[in-house]
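> one predicted model, sequence on top.
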Amino acid sequence: MTKYVGAIDQGTTSSRFIVFDRKGEIISLAQKEHEQIYPKPGWVEHDATEIWRNTTAVIGEALRKAGLTASDLVAVGITNQRETTLLWDRHTGVPLYNALVWQDTRVDQLVAGLEREGGKDRLRAKTGLPLASYFSGLKLKWILDNVPGAREKAEAGDAIFGNMDTWIVWNLTGGPDGGLHITDVTNASRTQLMNIETLEWDDEILDLFDIPKAALPKIVSSSEVYGEAKGVLAGVPVAGILGDQQAALVGQACFKPGEAKNTYGTGCFTLINTGDKPFPSNYGLITTVAYKLGDAPTVYALEGSIAITGALVQWLRDNLGIIEKSSDIEQLARSVPDNGDVYFVPAFSGLYAPHWKESARGVICGLTRFANKGQIARAALEATAYQTREVLEAMEKDSKIAIKELRTDGGMVANELLMQFQSDILDVPVVRPKVTETTALGAAYAAGLATGYWKSTDDLVHNWGVDKRWHPNMPATERERLFSSWNKAVTRSLDWVE
């Protein structure tokens, strides 16, 4: 009887369940979007109860579509939007507050205060991360300090914290009735509370942020059998957890130092495998755990995180209404021959790597009466490629490794105009794999390795294949003119917030 592996992919805008076969090919997929909640400028929240409800719905739908039941799955893996922060009641399963999404900037004053006392990099040696509103630890502090009763419950162990991986696994394995309170090393490395060498919660940072240890999950590897699912996946081993970008690195089979991938989703995230030791960055990248497969040594990565890429296309759709659906952006951008000297810096949540400027805000530069919605659409797409080049240049300086090609994945890689422009502005080939759902695939691989469905990472490398490759064909002078103008536009976005 044929068996499969399932993957829950809990993302920033939707939750999905995908069933994969041994070749890493998709057998069935179901997806459901959830509400984006914006209570104030810079605040971004999710209803975690809605997300769990959607997760159970898409699991059921994907199984039904393929005529499968839970017994057809050898394991399930989980991948998730990282840094999105939740505190909930251990006994009822009810969140004490909405989840604070990774893009949320409400803790920027906490960041500024800690910076004044010790500098932006005061925690980098231990955590690999600069002080920023991006990470979970200060978001958790905000909930503890601002939600009535939260701190008391957390100190007593009655309220528990997690990123979305922890919330999904806890509910999947029983919730209030014995649910597992765990997180894997990749997600823990994004809280700014874990020491990335010891892989343990750091008591000094917990004291600095005033966070009770009783609320924190147990840290586990990315690939092992944690327990069994209940409910909709009853009896299926829960055996893999990876933060979404680390999952994409695994799904792209980047198992050797120097192999890199870029995921084009709500934001853009470039990771390069740096081997079994944390690699400090001098050029604005972050050092993160890439994965830990069972008892094997921990593997690390350098990462360049970009906050707004696909989200900018959604903003053009939802806030400005210049396109009806996200996929319309390519046709609109193709309606003009070039950007008309228009540049769009989407610093809606400040600028992440390599700038790390909390006070930046979005700007459109170079507007004249000549500019139209086609040029704005093109500028929005090009912004993704320029930001990716900034990150890759930092990566090459840090790692001293010249990137020969860029493996890509995520929703935006269907946009061929963007992929060609990305290759042009980088001056290296850009590769789209046969399976572009590499985030979910990475979670499935982690779970399948833990249960013997795949014997080793060699099987995963064998599965990887190229769908299309783009080669640069832009003159060098034009490439540098465009990038120089982009850099000028970035300077206009800085220090907007006092």
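Nice, thanks for sending it over.
> tell me the helix or strand right after the helix or strand residue 58 falls within.
For residue 58, the element it lies in under DSSP states H and E is helix 48-65. Beyond helix 48-65 on the C-terminal side, the first helix or strand identified by DSSP H and E is strand 73-80.
> what separates that following strand from the chain centre, distance-wise?
17 Å (Cα atoms, centre = their mean, to the nearest Å).
> circling back: which other helices and strands contact the helix holding residue 58?
strand 4-10, strand 14-20, strand 26-33, helix 164-172 (3 or more Cβ pairs under 8 Å, 6 or more residues apart in numbering; DSSP states H and E). Yep, even glycine has a C-beta here, placed from its N, CA and C like the rest.
> surely residue 135 touches residue 100?
No: taking Cβ atoms under 8 Å as the definition, residue 135 is not a contact partner of residue 100, at 11.0 Å.
> can you get me a residue count around the closest residue to residue 350 other than its chain neighbours?
For residue 350, ignoring the flanking residues on the chain, the nearest one in space by Cβ to Cβ, 6 or more residues apart in numbering is residue 358 at 4.4 Å. Residue 358 has 25 neighbours, counted by other Cβ atoms under 10 Å.
> same question for the one 5 residues further on.
The number of residues packed near residue 363 is 17, by other Cβ under 10 Å.
> the residue lying closest to it once chain neighbours are set aside: what's it in contact with?
Computed as Cβ to Cβ, 6+ apart, the closest residue to residue 363 that is not its neighbour in sequence is residue 493, at 4.6 Å. By Cβ atoms under 8 Å, 6 or more residues apart in numbering, the residues touching residue 493 are 345, 347, 351, 360, 361, 362, 363.
> check the gap between the second one and residue 471 for me.
Relative to residue 471, residue 347 is positioned 31 Å away (criterion: Cβ to Cβ, to the nearest Å).
> got it, and the last one?
Using Cβ to Cβ, residue 363 is found at 32 Å from residue 471.
> before we move on, the earlier item: thinking the residue nearest to residue 350 is in contact with residue 109, fair?
No: contact criterion Cβ under 8 Å: residue 358 and residue 109 do not qualify, at 9.5 Å.
> thinking again about what came up before, got the contact list for the helix holding residue 58?
Here helix 48-65 makes contact (Cβ under 8 Å, 6+ apart) with 6, 8, 10, 14-19, 28-32, 34-35, 69-70, 72, 86, 88, 94-95, 98-99, 164, 167-168, 171, 231-233.
> neighbours of residue 429, how many?
14.
> that one and residue 268: what is the separation?
Distance from residue 429 to residue 268, by Cβ to Cβ: 18 Å.
> please apply the same query to residue 152.
Note on residue 152: its distance to residue 268, by Cβ to Cβ, is 40 Å.
> now do stretch 174-187: distance from first to last residue.
21 Å (Cα to Cα, to the nearest Å).
> for that stretch, buried residues please.
174, 175, 179, 180, 181, 182, 183, 184, 185, 186, 187 (16 or more other Cβ atoms under 10 Å).
> so which of those are in helices?
185, 186, 187 (DSSP state H).
> you'd agree the first one is up against residue 199?
Yes: contact criterion Cβ under 8 Å: residue 185 and residue 199 qualify, at 5.4 Å.
> shared neighbours of those two, anything?
Contacts common to residue 185 and residue 199, judged by Cβ under 8 Å, 6+ apart, are 219, 289, 292, 298.
> CA atoms only: put the one helix or strand residue 125 maps to into PDB for me.
Assessed by DSSP H and E, residue 125 sits inside helix 124-127. Extracted in PDB, the C-alpha atoms of helix 124-127 (Å, rounded to 0.1, in the frame of the first residue of the first chain):
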ATOM      1  CA  ARG A 124      24.400  39.200  18.700                       C
ATOM      2  CA  ALA A 125      27.300  37.100  20.100                       C
ATOM      3  CA  LYS A 126      24.800  34.800  22.000                       C
ATOM      4  CA  THR A 127      21.800  34.900  19.600                       C
END
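> which is the succeeding secondary structure element to that helix?
Per DSSP H and E, the helix or strand that comes after helix 124-127 is helix 136-146.
> could you list every helix and strand in contact with that following helix?
Checking 3+ Cβ pairs under 8 Å, 6+ apart, helix 136-146 ends up next to strand 86-89, strand 99-100, helix 108-118, helix 150-155, helix 203-209.
> could I get these as CSV with distance to residue 263, mean pLDDT and mean neighbour count?
Shown next, in CSV, are the helices and strands packed on helix 136-146 (distance: least, Cβ to Cβ, whole Å; pLDDT from 0 to 100; neighbours: other Cβ atoms under 10 Å):
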stretch, distance to residue 263, mean pLDDT, mean neighbour count
strand 86-89, 23, 98, 22
strand 99-100, 21, 98, 26
helix 108-118, 25, 90, 14
helix 150-155, 32, 97, 19
helix 203-209, 28, 96, 15
